[in-house]
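[1] Give me a 3D structure for the following:
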Amino acid sequence: MLGFTFWHLPILRVARQRRLARGIGVAIEHRSPFLAGSVEELEKLVAGVATEMGMSTRDRERVRIASQICDLGLCGVPSQLLRKNFEWTPDEQAVFERHASGGAGMLKGNRLLAEFAPIVRHHHSRFEAEPNVPIESRILSACSDYLQLIRHVGTERALVALDRQSGFHYDPVVVKAIREVVSNSE
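    Purely as a prediction, here's the structure:
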């Protein structure tokens with residue numbers, strides 16, 4: 001019985017992480033109206049991109065879990081800012097931009113999800129400025145921005161925007177994988 005328990009511990013841990021992350025993702029969507037429906041959409045896209053990039057099963061699972069909790073820091077952003085329908089002031093933009101480090105700070109205190117803190121901290125990092133951030137963060141950055149862009153300008157223009165920022169804002173390998181996933185799904 002003891003050997004059975006130890007053999008299954010990693011599987012049980014991932015299952016718990018998945019359940020907890022799913023609950024957090026649902027809560028984030030309810031808190032942030034502009035994210036409604038996007039957590040599942042982001043998870044699906046990052047899973048496809050991670051597969052396209054040849055990532056291991058373990059790493060694909062990590063990026064999927066991270067996609068559900070990456071915007072946890074939005075819980076620290078005032079509601080009126082999240083519901084605002086017009087452009088933010090520079091001060092409001094600064095408050096919003098701190099959500100990544102805020103979410104990472106929240107995760108550090110959770111024994112089950114602490115390993116995702118570095119991914120969450122860097123999920124909006126610019127590739128050119130910080131090329132050594134976790135690959136999961138680079139995937140989340142490009143995928144989440146792509147999904148926001150397609151809502152406003154459509155698929156083709158969103159892909160063009162990613163291509164223009166490839167190597168600067170986004171990891172070129174990730175942009176290429178997004179393009180492949182999108183073309184394979186059409």
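[2] Determine how far the helix or strand of the chain with the lowest mean pLDDT lies from the middle of the whole chain.
    The weakest-scoring helix or strand in the chain, judged by mean pLDDT, DSSP states H and E, is helix 2-31 (a mean of 78). Chain-centre distance of helix 2-31: 17 Å, with Cα atoms, centre = their mean, to the nearest Å.
[3] now swap in stretch 133-143 and tell me
    For stretch 133-143 - counting by Cα atoms, centre = their mean - the centre lies 7 Å from the chain centre.
[4] got it, and stretch 143-162?
    The answer for stretch 143-162 is 15 Å, by Cα atoms, centre = their mean.
[5] Same question for stretch 132-144.
    Distance of stretch 132-144 from the chain centroid (Cα atoms, centre = their mean) equals 7 Å.
[6] buried stuff in it?
    In terms of neighbour count (16 or more other Cβ atoms under 10 Å), stretch 132-144 has its buried residues at 133-144. For the C-beta atoms, the positions are set from N, CA and C on the backbone; glycine is no exception.
[7] and which of the residues you listed is nearest to residue 166?
    In terms of Cβ to Cβ, no member of the buried residues of stretch 132-144 lies closer to residue 166 than residue 142, at 8.7 Å.
[8] Report all helices and strands that the helix or strand harbouring residue 58 contacts.
    Of the helices and strands defined by DSSP states H and E, residue 58 is found in helix 57-69. Other helices and strands packing on helix 57-69, by 3 or more Cβ pairs under 8 Å, 6 or more residues apart in numbering; DSSP states H and E, are helix 2-31, helix 38-52, helix 117-121, helix 135-153.
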